[in-house]
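Asker: Have a look at this prediction, sequence included:
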There are 4 protein chains.
Amino acid sequence: MKVGFIGLGGMGLEIARNIGRGGNELTVYNRTRSRAEALQADGARVADSPSAAARDAEILITMLADDRAVEDMVFGGAHAGEGAIKSLGKGALHVSMSTISVALSRRMAAAHQEAGQEYISAPVFGRPEAAAAAKLWIVASGNPDQIERCRPIFDVIGQGAFTVGEDAGAANTFKIAGNFVIAAAVESLGEAFALIRKSGLDVEQFLEIISGALFKSPVYQTYGTIIAKERFDPPGFKMKLGLKDVRLALETADATETPMPLAGVIHDHLLSGIARGRGETDWSGFARIIAENAGIK
Amino acid sequence: MKVGFIGLGGMGLEIARNIGRGGNELTVYNRTRSRAEALQADGARVADSPSAAARDAEILITMLADDRAVEDMVFGGAHAGEGAIKSLGKGALHVSMSTISVALSRRMAAAHQEAGQEYISAPVFGRPEAAAAAKLWIVASGNPDQIERCRPIFDVIGQGAFTVGEDAGAANTFKIAGNFVIAAAVESLGEAFALIRKSGLDVEQFLEIISGALFKSPVYQTYGTIIAKERFDPPGFKMKLGLKDVRLALETADATETPMPLAGVIHDHLLSGIARGRGETDWSGFARIIAENAGIK
Amino acid sequence: MKVGFIGLGGMGLEIARNIGRGGNELTVYNRTRSRAEALQADGARVADSPSAAARDAEILITMLADDRAVEDMVFGGAHAGEGAIKSLGKGALHVSMSTISVALSRRMAAAHQEAGQEYISAPVFGRPEAAAAAKLWIVASGNPDQIERCRPIFDVIGQGAFTVGEDAGAANTFKIAGNFVIAAAVESLGEAFALIRKSGLDVEQFLEIISGALFKSPVYQTYGTIIAKERFDPPGFKMKLGLKDVRLALETADATETPMPLAGVIHDHLLSGIARGRGETDWSGFARIIAENAGIK
Amino acid sequence: MKVGFIGLGGMGLEIARNIGRGGNELTVYNRTRSRAEALQADGARVADSPSAAARDAEILITMLADDRAVEDMVFGGAHAGEGAIKSLGKGALHVSMSTISVALSRRMAAAHQEAGQEYISAPVFGRPEAAAAAKLWIVASGNPDQIERCRPIFDVIGQGAFTVGEDAGAANTFKIAGNFVIAAAVESLGEAFALIRKSGLDVEQFLEIISGALFKSPVYQTYGTIIAKERFDPPGFKMKLGLKDVRLALETADATETPMPLAGVIHDHLLSGIARGRGETDWSGFARIIAENAGIK
């Protein structure tokens, strides 16, 4: 298939590489061009603009940091010229994989429909290592035929795809809520570890019990280890992006009139982390903020 | 071994039965005598008082609801007569399995030492089903030789035991912090499910993704199912006891100067649940309080 | 002076009336025309559109519910036609009295400057009764000469005006932070009253002590009485607008990297109030939500 | 009247001095004897023990830091010998002015009744300056005749006394709830000031508006000035005692099943302040913790 791909960050680069290796004809665009060129060895063509990446694509995939970046690339903006929607062909499909707001996803669905194009929302769960190993989980919503059309793509990047409804925003809501549940696990480990440390006990042993015996979950094992060993730098996913994800949860909560006090607690710890200068370290480092609030050096 | 056992609630009854079936000579006491008599079929003797249960025991196990109940049974009180500590023999060992405060555990360690007796703290993780299946996890602290002495008991009630230090309070701190992490998972599911519901989406499908793909954890599967299906009655573990556990976390946090805002959020939801008349339903029902706060009927 | 006035809600109507009575030549616009006509008896002319209200004005005042309403009226929109900025004369001054975001205030300042017009931000403190009695407090920021130009207006609507800087957003930040402090007083009264009630004691006597002896403040007296007597209907200021104000605080907090956990607590209570169907009652009614969370009927 | 007085801290010393100067025959006890001797110039006798202070008193007043100190002095303990209750005469009255728990107040009422003595609870509002100026507010509960008996004492130490019921715990609940409302005002000022600072604006000007125009309250003026100028050392009231007061609110909330999330937020800020080494500075310094959480140095 002819695939256009915009956004080659930590996640996007790995996903695009797997799509290219999966036998698709890949054209990529990234604001920092060198990351795009890294894919030339795998046969990808490098486009000069979002609209160039979209022009001949049957499927256009976007994988960007936040709402603003997606709006720039799709609708056009100072850095992005006229935007991908202008050049994408009739009947071509835009697959939005970014973690973005429900509102923007719905707005794109409407704009593509008006332009005679297709749109589905298909955010993914997994850190960059999972993306590299083609072990992502995809959550898709939109027209079922269009979701089906993506199946060959999903097969080369992930270990499974869930279809969660026809509303373009449904998949985004699932992704936002899912990320919140993961962030909550980090919050709980941060507080529990602080308590264990202030009690003079061993957090690695505590993690062994919590993770090995009780939860038996890769999420607790992965984040528990990062937090226990304070491996926040280099980041797998930056704190600034972690804050963006919790903001999306709080925005959705506000829009649907759903009080989420735990999301508020996490938000405040992330915000404090960024205010204290840790915005470029791993997002799970807000656990260190919790520790510092308890006087742990 | 001659084992005395005090406290035959949902957990204690199953643990005691497995100890009896494991070939030990069991003497049991419970305030409501009928629950003790249920073990006679398995060969247990029924004692008339805590001190009678303790008198000839090599190992005395207590498994009670809270600090007050443990204090009554061990030190004596209105319902419990003179208390087990009076009759327990020199060199005999008290194994405290209840989820109680660090302070009480240390106080008992000191009192038993003064009386020429032994004490270890050995709270367990697992719900009644796990106790019945001898699948508990035991976390023990105290004199290592005394912990070793309990090995045959631990083998017939659980799937493993962790030794976490010589301080009597260490195991209690681990248990309290571990329960907090589980309660935090329930809080996060409660908030995420409310968001999914208010967005008009399907919580069971959300759970399938969260539990099946991301967390792959029995904790999320068990509590996610209870909450999604609102199976809070009959309770596996009552909300009043869930509140007690979170109180223990907050007390320990306060004593060690560790701010735990998420523990505060959970506490307030549990307290609201009890104030609204749900104290006798399953503790995870505080997720329903979260839903009601979002206007879900 | 020739004054245009857009927005005749509970506050705007009283302010406009005082400006008209103060000897100014007043032209008013309101989406619901009947409220504008109510001012004709005082000599006001009724405009058919925002741009008509702005056309001949030396000073144009806007007093609207939220960012969206201000954007519609100033920049134009479905309900508002081409917007006031199009017809406002060179050198004329737009005085924004609404409680709006810092970002929108700055955006208007830039747009008016580009159009050769003037802009200051001048939100007010006070409920409708204070507006009627010309007892408002005005907080102004922007060009000092332009603030001075408004002095005759401020004199007929309030008891004093503070100048807080040249940045258009400064006055909005002061207003947002000030409203937050008031909302916090309501939250604290709500929680304290719930505690007093659940203790079987008399909230009116508690208020007498708190307000009469300790705080001696009109804020505590006014809101304490409303909450103690549960006079939430008819509203002085609707809960939906109260939520908007707290959202502004949280947005500003987020933009400036300032954790404000108390603002989060208030937000969740207001959101719960609206989710439970109280959005049209007085905003201080979130104190009743606090009471209900404690099981008070 | 013959008055015994136990506890000459920042508050107690000023109260006792005013009682002595009011023409009463005063016998004082304080653990650190030098503070008691400071009152000899005003004619007070210095007792060697709590029981010596109580022996001939018609009215015995206690003004101590917390529950534990009151228990020691009244019921006896390591530092306090046999305790005041042993020597207090039949029909003599114990007036408890300390900020203590509802439970302890009720327990003392029962113990004094059993001993043929009288007891009322009469905690006071006001900082040491107010105590020195005889400007305290007294909140009393218990037998109305006994409260009346104290009127001459109340007249020389305060500007008014409120009677709030016959239950010994009622006055303590009022005091605890009142202190919480004051602490909430500090929390709100701390968060608002952080927002103002992070916005690059002037907190003293903000305080002028909030306090001078809106609240017009001595509480906002006093604490706003302390926080704006960061005058936390020397303390008027130590952070460790501030934490105790909020703990009392949370304990009462827990006992009456009243969720108080704002009390939880304040608790965590105070706890963090103490964990970061500020326990001996003024309690309102938790506002500085809020600022530090926002990255303000």
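Answerer: Arrived safely, thanks for sending. In this text, all values refer to a predicted model and were calculated from it rather than measured experimentally.
Asker: from here on, contacts and neighbour counts on C-alpha atoms
Answerer: Will do.
Asker: residue boundaries of the helices in the stretch 101-250 of chain A?
Answerer: Assigned helices in the stretch 101-250 of chain A, in chain order: A:102-114, A:128-132, A:144-149, A:151-157, A:168-198, A:203-207, A:218-228, A:239-255 (criterion: DSSP state H, counting those that start in this stretch).
Asker: In TSV, list the ones you listed along with mean neighbour count and distance to chain C.
Answerer: As requested, those are exported to TSV (neighbours: other CA atoms under 10 Å in any protein chain shown; distance: least, CA to the nearest CA, whole Å):
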stretch	mean neighbour count	distance to chain C
helix A:102-114	18	16
helix A:128-132	19	27
helix A:144-149	14	32
helix A:151-157	19	35
helix A:168-198	26	15
helix A:203-207	20	27
helix A:218-228	18	22
helix A:239-255	21	7
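Asker: how about those in JSON lines, adding mean pLDDT and distance to D:Asn172?
Answerer: Below are these laid out as JSON lines (pLDDT from 0 to 100; distance: least, CA to CA, whole Å):
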{"stretch": "helix A:102-114", "mean pLDDT": "98", "distance to D:Asn172": "50"}
{"stretch": "helix A:128-132", "mean pLDDT": "94", "distance to D:Asn172": "57"}
{"stretch": "helix A:144-149", "mean pLDDT": "98", "distance to D:Asn172": "64"}
{"stretch": "helix A:151-157", "mean pLDDT": "98", "distance to D:Asn172": "64"}
{"stretch": "helix A:168-198", "mean pLDDT": "98", "distance to D:Asn172": "31"}
{"stretch": "helix A:203-207", "mean pLDDT": "98", "distance to D:Asn172": "41"}
{"stretch": "helix A:218-228", "mean pLDDT": "97", "distance to D:Asn172": "43"}
{"stretch": "helix A:239-255", "mean pLDDT": "97", "distance to D:Asn172": "39"}
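Asker: Show me what the helix or strand in which A:Ala69 is found is packed up against.
Answerer: Using DSSP states H and E, A:Ala69 sits in helix A:67-75. When contacts are defined as 3 or more CA pairs under 8 Å, 6 or more residues apart in numbering or on different chains; DSSP states H and E, helix A:67-75 sits against helix A:84-87.
Asker: going on from the helix it packs on, what's the next piece of helix or strand?
Answerer: strand A:93-96.
Asker: What pairs with that next one, parallel or antiparallel?
Answerer: As defined by DSSP bridges, the strand partners of strand A:93-96 come to strand A:59-62 (parallel), strand A:118-121 (parallel).
Asker: wait, A:Thr256 sits on B:Lys198?
Answerer: Yes: the criterion here is CA atoms under 8 Å, and A:Thr256 meets it with B:Lys198 at 5.8 Å.
Asker: Can you name the residues bridging to the closest residue to A:Glu280 other than its chain neighbours?
Answerer: Among residues not flanking A:Glu280 along the chain, A:Lys238 sits closest, at 5.4 Å (CA to CA, 6 or more residues apart in numbering or on different chains). Beta bridges link A:Lys238 to A:Asp282 when assigned by DSSP bridges.
Asker: check contacts around A:Lys238.
Answerer: Contact analysis of A:Lys238 by CA atoms under 8 Å, 6 or more residues apart in numbering or on different chains lists A:Gly279, A:Glu280, A:Thr281, A:Asp282, A:Trp283.
Asker: Spell out which residues of the stretch 1-150 of chain A are next to chain B.
Answerer: Selection of the stretch 1-150 of chain A residues close to chain B by CA under 8 Å from any CA of the partner chain yields A:Phe125, A:Trp137.
Asker: For chain D, what is the nearest residue in the stretch 1-150 of chain A?
Answerer: Of all residues in the stretch 1-150 of chain A, A:Arg68 sits closest to chain D, at 23.3 Å by CA to the nearest CA.
Asker: same check, this time on the stretch 51-200 of chain A
Answerer: With CA to the nearest CA, the shortest gap between the stretch 51-200 of chain A and chain D falls at A:Lys198, namely 9.9 Å.
Asker: which residue is nearest the middle of chain A?
Answerer: Most central in chain A under CA atoms, centre = their mean is A:Thr99, positioned 4.6 Å from the mean C-alpha point.
Asker: Regarding that residue, what is its secondary structure?
Answerer: Here A:Thr99 is recorded as coil under DSSP: H, G, I helix; E, B strand; the rest coil.
Asker: Was I right to think it contacts A:Phe125?
Answerer: No: using CA under 8 Å, A:Thr99 makes no contact with A:Phe125, being 9.6 Å away.
Asker: Need the overlap of contacts for those two.
Answerer: Jointly contacting A:Thr99 and A:Phe125 under the rule CA under 8 Å, 6+ apart are A:Lys175.
Asker: returning to that earlier point: could you give me the buried positions within the helix holding A:Ala69?
Answerer: By neighbour count with 16 or more other CA atoms under 10 Å in any protein chain shown, helix A:67-75 contains the buried residues A:Asp67, A:Ala69, A:Val70, A:Glu71, A:Asp72, A:Met73, A:Val74, A:Phe75.
Asker: Of those, which pair is most distant in space?
Answerer: The span of the buried residues of helix A:67-75, defined through CA to CA, is set by A:Asp67 and A:Phe75 at 11.4 Å.
Asker: Please parse chain A into its domains.
Answerer: Annotated domains of chain A cover A:2-165, A:173-293 [automatic domain parsing].
Asker: I'd like those domains written out as a markdown table, with distance to D:Ile226 added.
Answerer: A markdown table is the format used below for these (distance: least, CA to CA, whole Å):
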| stretch | distance to D:Ile226 |
| --- | --- |
| domain A:2-165 | 42 |
| domain A:173-293 | 23 |
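Asker: quick one on the thing from earlier: just put the helices of the stretch 101-250 of chain A in JSON lines and tack on distance to C:Ala291.
Answerer: Conversion of the helices of the stretch 101-250 of chain A to JSON lines gives the following (distance: least, CA to CA, whole Å):
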{"stretch": "helix A:102-114", "distance to C:Ala291": "33"}
{"stretch": "helix A:128-132", "distance to C:Ala291": "47"}
{"stretch": "helix A:144-149", "distance to C:Ala291": "47"}
{"stretch": "helix A:151-157", "distance to C:Ala291": "50"}
{"stretch": "helix A:168-198", "distance to C:Ala291": "27"}
{"stretch": "helix A:203-207", "distance to C:Ala291": "39"}
{"stretch": "helix A:218-228", "distance to C:Ala291": "37"}
{"stretch": "helix A:239-255", "distance to C:Ala291": "22"}
